[in-house]
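Participant: The amino acid sequence is not available; the structure is as follows:
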């Protein structure tokens, strides 16, 4: 070694560190949502902007107060409350009462997240917990839809009257047997929740998140494959009753749910095989509820149900410890 001084440094894990932080990841998620957020405001008017503002301010305030009450380090900088606030609005009807948005935001942050110990400990997706509460508390408002801006001849956008109500494509399919064109669903020319604005914009944002390795691509892919295969089978059996696979993929909240909610790092499996089982389970439940349940949509319940199974999925798909026999799996 010569005269060079050699130092042996001892430290605890982790020894391999990433340049990505929770705040950076959450900030990136928020940025990728901005095009869909802007389009939703354009489609449904400034009232939706007020919904976003109320949801964001309520989520931030609720998280701050709970964290201070629990005497924990200040956590708003991680950006997770902002993600919850945006996603909550995206799964609500465009004219949902603002006081309902406040209640949903409080439930999402306090019951859906902080009651479990905060970020990293929650079992269920917080935004969907808030939405599930609102669905039970305000069943009429949660199924009251407003027509978006409509696409008229010549490709010119014209505003629909705010007072005009409309049925969602899923409701039209389930109760009237009418199937909306896939191109209208893909581009967001339909009524529905705020986040059902444009599958195109949501897909583009997700592609960037996958490229950054911030989300597990196996989850949305397995959801889409399961929904497409099962939807296609039933369509072949009875095309007059069951819609085609493209309708299932682009209708309702499947895109926002599969791309931005089911892929939540905390509430999804940690193993590759587990992600496939998780996504397939969601896809199966979505088809069952849509085609045979009493509700027109089932994405929210499918994700929440599978969230509850994540610990079992992680345990069942745990990889074998290197050097041990098969009997220890």
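Facilitator: All right, it came through fine. On a predicted model such as this, the values are computed, not experimentally measured, just so you know.

Participant: Point out where the stretch 101-250 of the chain drops to low pLDDT.
Facilitator: 150-167, 174-177 (pLDDT under 70).

Participant: hey, where'd the helices end up in it?
Facilitator: 126-137, 169-171, 182-187, 199-211, 218-237, 245-250 (DSSP state H, counting those that start in this stretch).

Participant: which residues touch the first one?
Facilitator: Contacting residues not belonging to helix 126-137 are listed as 83-84, 87-88, 91-92, 96, 100, 103-109, 111-113, 141-142, 261, 300-301, 303-304 [Cβ atoms under 8 Å, 6 or more residues apart in numbering]. Where you see a C-beta, it was placed from the backbone N, CA and C, and this is true even at glycine.

Participant: Please repeat the previous calculation with a cut-off of 7 Å.
Facilitator: 84, 87-88, 91-92, 100, 103-105, 107-109, 111-113, 142, 261, 300, 303-304 (Cβ atoms under 7 Å, 6 or more residues apart in numbering).

Participant: and the nearest residue to residue 25 once chain neighbours are set aside, what is it in contact with?
Facilitator: Spatial nearest neighbour of residue 25, chain neighbours left out: residue 214 (5.3 Å); criterion: Cβ to Cβ, 6 or more residues apart in numbering. The contact partners of residue 214, by Cβ under 7 Å, 6+ apart, come to 25, 28-29.

Participant: if we go to 10 Å?
Facilitator: 20, 24-26, 28-29, 32, 206, 208, 263, 265 (Cβ atoms under 10 Å, 6 or more residues apart in numbering).

Participant: sorry, back to before: can you tell which of the helices of the stretch 101-250 of the chain is closest to residue 149?
Facilitator: helix 182-187 (11.7 Å; Cβ to Cβ).

Participant: how about the closest one: buried residues?
Facilitator: Across helix 182-187, burial judged by 16 or more other Cβ atoms under 10 Å covers 182, 185-187.

Participant: Give the buried residues for stretch 109-116.
Facilitator: 109-114.

Participant: nope, stretch 307-317 is what I was after
Facilitator: 307, 310, 313, 317.

Participant: From the residues you listed, which land in helices?
Facilitator: 307, 310, 313 (DSSP state H).

Participant: still on that earlier bit, can I get the buried residues of stretch 307-317 in JSON lines with pLDDT and distance to residue 43?
Facilitator: Formatted as JSON lines, these follow (pLDDT from 0 to 100; distance: Cβ to Cβ, whole Å):
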{"residue": "307", "pLDDT": "96", "distance to residue 43": "29"}
{"residue": "310", "pLDDT": "95", "distance to residue 43": "34"}
{"residue": "313", "pLDDT": "95", "distance to residue 43": "36"}
{"residue": "317", "pLDDT": "91", "distance to residue 43": "40"}
